[in-house]
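Q: Let's see this in three dimensions:
(chains A, B, C and D)
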2 protein chains.
Amino acid sequence: MTENNLDILKKSGLSVTEGRKKILDLFLDNEAALAHADIEKYTEAAFDRVTVYRTLQTFVDKGIIHQIPTTDNSILYALCKHKCEEGHHHDEHVHFICNDCEKTICLDDVTVPPVKLPKGFKPAQAAMVVTGVCSDCK
Amino acid sequence: MTENNLDILKKSGLSVTEGRKKILDLFLDNEAALAHADIEKYTEAAFDRVTVYRTLQTFVDKGIIHQIPTTDNSILYALCKHKCEEGHHHDEHVHFICNDCEKTICLDDVTVPPVKLPKGFKPAQAAMVVTGVCSDCK
DNA sequence: AATATATTTGCACTAATGTTGCAAGTTATA
DNA sequence: TATAACTTGCAACATTAGTGCAAATATATT
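A: Residues are numbered from 1 along each chain as shown, chains lettered A, B, ... in the order given. Next comes the predicted model:
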């Protein structure tokens, strides 16, 4: 079965608090990536706005979630399914944004293909976002 | 030689104004992608903040520039070198962010490789951002 | 070239989003 | 259970973005 919030928090050496458990559950229960605003909505403002910001930042730092690039001035977050070590993310999978349901989904099994860069460019990380229609909306 | 601002604006059916010319020149003169803040800085606030927002939006709508996804809650814009039609961008090239000089560069000649998506997913567009060290900073 | 029409700009205002310090509350540790 | 360490919420502040409208500017028309 899927990991539970407690295990994840403990493994990351984080104090176990109500907020962290609830927010982590949101990620565990949602296939789609979440923005700060989504979390506020789902938790119905049970936690302070600032707490949510700090929780997300902590989770990113600990490698529990990763950020997904967007073109709309927002940051999306999603669980790191393949274990990310602290400070080093292994999120080289493709992200899919559905133009229909607007959800952003991590395609954990689709890895970003390598690209040949011009002379002198040394790649470190690669992110890929594909838009289109997802399997639910097809 | 490179296209001048006037040609581009006329071709897009836009009124030719000081602001549009200056902002377009910034893109023509800069290899790196620009954020709203960069434009404000370079123009030394000669134009109202709102004008810059609207100009950028207009340029995106007309296919003059395109947006580059980022994970830091900002939008970067860059010229569409390969002609984009209105409402339909052809910006399927790789974007490179240098961790050293912090510049974002469009690698217009490096196209995004096709990826195999899970069953039911229909791709429409793909964006790719690679981080690392650029040819200037190597 | 002067006027009429359409478009664009700047301002004022509003709203949304993100950040920081600190006291109070909560969790982990001894 | 007492202590130390950490987390939270509040308040204040800062930054970034969006809208309506009158004035200014650009294009079209005569």
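Q: Tell me the bridge partners for A:Gly132.
A: Bridge pairing for A:Gly132 (DSSP bridges) gives the partners A:Cys98, B:Pro123.
Q: Could you list the contact residues of chain A toward DNA strand D?
A: Within chain A, the positions near DNA strand D by CB under 7 Å from any atom of the strand are A:14-15, A:17-20, A:46-48, A:50-51, A:54-55, A:58, A:73. Quick note: C-beta positions are derived from backbone N, CA and C, even for glycine.
Q: helix or strand for the residue lying farthest from the centre of chain A, which one?
A: Distance from the C-alpha centroid of chain A peaks at A:Lys119, with 32.4 Å (CA atoms, centre = their mean). A:Lys119 is part of no helix or strand when elements are defined by DSSP states H and E.
Q: Backbone dihedrals for it, both of them.
A: Note on A:Lys119: backbone dihedrals following degrees, to the nearest 10 are phi -50, psi 140.
Q: residues in contact with the nearest residue to it once chain neighbours are set aside?
A: Spatial nearest neighbour of A:Lys119, chain neighbours left out: B:Ser135 (6.6 Å); criterion: CB to CB, 6 or more residues apart in numbering or on different chains. By CB atoms under 8 Å, 6 or more residues apart in numbering or on different chains, the contact set of B:Ser135 is A:118-121.
Q: With A:Asn99 instead?
A: A:131-133, B:124.
Q: swap in A:Glu92?
A: Counted by CB under 8 Å, 6+ apart, A:Glu92 has contacts A:111-112, A:125-127.
Q: thought A:Arg49 was touching A:Lys41?
A: No. Applying CB atoms under 8 Å, one finds A:Arg49 not in contact with A:Lys41, separated by 11.9 Å.
Q: list the residues that contact both of these two?
A: With CB under 8 Å, 6+ apart, A:Arg49 and A:Lys41 have no common neighbours.
Q: out of the residues of chain A next to DNA strand D, which one sits closest to B:Lys81?
A: Nearest to B:Lys81 among the residues of chain A next to DNA strand D: A:Asn73, at 23.8 Å, using CB to CB.
Q: for the closest one, what are its contacts?
A: Per CB under 8 Å, 6+ apart, neighbours of A:Asn73: B:73-75.
Q: Around chain B, pick out the residues from chain A.
A: Counting by CB under 8 Å from any CB of the partner chain, the residues of chain A close to chain B are A:67-75, A:94, A:96, A:99, A:107, A:109-110, A:112-113, A:115-136, A:138.
Q: No further questions, thank you.
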